[in-house]
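1. Kindly return the folded structure for what I paste below:
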Amino acid sequence: MTQQTIPDAQETMWTPQEWLTDIICRRVISEETYLALSDAMNFPLELSEGRLVVREMPTPLHQHVVSRLWLVIHNWAEEHHAGRAYFAPMPVRLWPRKFREPDVMFFKTENLNRVTEK
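-> As a prediction, this is how the structure comes out:
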């Protein structure tokens with residue numbers, strides 16, 4: 001999947017994603033603002049060095065592959081009591097000012113304390 005770029009200023013009909021990209025992605029925002037936007041929007045958002053990244057909506061094929069991958073990891077983790085598998089949308093804080101929203105993620109049992117509601 002590719003990242004959305006800022007639309008050409010001469011375009012007249014922007015999608016909500018393009019509008020959000022143009023208005024917000026040029027600004028540095030806080031982690032709190034990112035989390036609020038992530039909760040409120042119906043498309044994938046990430047935060048990189050304080051700048052919002054608007055990702056494209058996944059295709060049906062992409063979602064099919066993701067669901068199969070999640071199922072394999074989930075079943076293995078359950079069988080081996082090894083941890084938990086999760087799928088997007090679920091922002092993951094990598095370090096300050098860097099959030100990603102991976103399609104599928106796995107947390108080992110000893111790292112489950114890193115999974116929080118926010």
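2. So residue 81 versus residue 49, what's the distance?
-> 37 Å (C-beta to C-beta, to the nearest Å). The way it works is simple: take the backbone N, C-alpha and C, and place the C-beta from them, glycine included.
3. Ok, residue 113 next?
-> Relative to residue 49, and taking C-beta to C-beta, residue 113 is found at 27 Å.
4. which residue is nearest the centroid of the protein?
-> residue 101 (2.2 Å; C-alpha atoms, centre = their mean).
5. any idea how far the closest residue in space to residue 49 that isn't next to it in sequence lies from residue 27?
-> Leaving aside its chain neighbours, residue 49 sits nearest to residue 97 (5.5 Å; criterion: C-beta to C-beta, 6 or more residues apart in numbering). According to C-beta to C-beta, residue 97 and residue 27 sit 13 Å apart.
6. Ends of stretch 75-84, what's the gap?
-> End-to-end distance for stretch 75-84: 9 Å, by C-alpha to C-alpha, to the nearest Å.
7. Just the residues contacting that stretch, thanks.
-> 74, 85, 106, 107, 108, 109, 111, 112, 115 (C-beta atoms under 8 Å, 6 or more residues apart in numbering).
8. On the pLDDT front, check the last one for me.
-> I take that to be residue 115. For residue 115, the model assigns a pLDDT of 90.
9. ok, it - how many residues close by?
-> Other residues near residue 115 come to 13 when the count uses other C-beta atoms under 10 Å.
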